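Undergrad: For reference, the sequence and a predicted model appear below.
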Amino acid sequence: MAKMETSANRKSDIISAAIEVFAEIGYYRATTAQVAERAKISQPYIFRFFSTKEALLQAALEASWTRVIDSFRKVVESASPEQLETGLIQAYEDILDAYRNEILLQMQAQTIQEDTIREAMRNGFREVRRMVLDAYQAAGIPNAEERTMLFLARGMLCNISAALDMPELKEGM
């Protein structure tokens, strides 16, 4: 049992290191050796868990999307209809503050053309869109589809604002 927990922890450490390295220097420039160095392990150890650098990126993206989805789910399950949108916005801002590299990684991944990465991004966006739309509809928010699109668009603008250190992009939101 302890060995399984250690393996799970090591896998999580590798994913965390990959998120940092990929976000800082870019997926294409980053190497698994750099990820291994950041995780304080040997490079071959990475390949015990991930067959390729692309598989590691996919796992990193899935971890970042899981964080967003779980955070939004907590808001959806607990917020009143009047506080739903505000709660979702605050949850996303909290993620941007605490896990900026995960969001920067997602932004980079939007331009990566490998099928598995595109699918990971589509799945994440699809799940977030569905969750927000369903929550808006259940809360009786008028024009739920348009409001969902605006929520997602504002989120993307928040990402750009964070990436470029331009808080003025969020003024008036």
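TA: In hand now; what should we look at?
Undergrad: which regions of the protein sit below the pLDDT cut-off?
TA: 1-5, 173 (pLDDT under 70).
Undergrad: Show me the residue sitting in the middle of it in space.
TA: What sits nearest the mean C-alpha location of the chain, by C-alpha atoms, centre = their mean, is Ser64, with 3.1 Å.
Undergrad: what helix or strand does Ile160 sit in?
TA: helix 144-164 (DSSP states H and E).
Undergrad: do the same with Gln34
TA: Counting by DSSP H and E, Gln34 is found in helix 32-39.
Undergrad: which outside residues touch that helix?
TA: 10, 13-14, 16-18, 20-21, 25, 42-43, 45-47, 53, 56 (C-beta atoms under 8 Å, 6 or more residues apart in numbering). In this view, the C-beta of every residue, glycine as well, is placed from N, C-alpha and C.
Undergrad: Beyond the longest helix along the chain, next helix or strand please.
TA: Using DSSP state H, we find that the single longest helix of the chain is helix 53-78. The helix or strand immediately downstream of helix 53-78 is helix 84-98, counting by DSSP H and E.
Undergrad: On the C-terminal side of that following helix, identify the next helix or strand.
TA: That would be, after helix 84-98 and using DSSP H and E, helix 100-109.
Undergrad: That following helix: how far from the chain's middle?
TA: 7 Å (C-alpha atoms, centre = their mean, to the nearest Å).
Undergrad: Just the buried residues of the helix or strand just after that helix, please?
TA: Downstream of helix 100-109, the next assigned helix or strand under DSSP H and E is helix 115-138. Within helix 115-138, the residues scored as buried using 16 or more other C-beta atoms under 10 Å are Ile117, Ala120, Met121, Gly124, Glu127, Val128, Met131, Val132, Leu133, Ala135, Tyr136.
Undergrad: do the same with stretch 25-42
TA: For stretch 25-42, by 16+ other C-beta under 10 Å, it's Tyr27, Ala30, Thr32, Gln34, Val35, Ala36, Arg38, Ala39, Ile41.
Undergrad: Is it possible to get TSV of those that adds distance to Asp70?
TA: Shown next, in TSV, are the buried residues of stretch 25-42 (distance: C-beta to C-beta, whole Å):
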residue	distance to Asp70
Tyr27	24
Ala30	26
Thr32	28
Gln34	28
Val35	24
Ala36	28
Arg38	25
Ala39	23
Ile41	27
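Undergrad: Please identify which of those is nearest to Glu168.
TA: For those, the closest approach to Glu168 (C-beta to C-beta) belongs to Tyr27, at 28.7 Å.
Undergrad: Find the helix or strand that that closest one is a member of.
TA: Counting by DSSP H and E, Tyr27 is part of no helix or strand.
Undergrad: cool, Ala8 as well?
TA: Going by DSSP H and E, Ala8 is part of helix 2-25.
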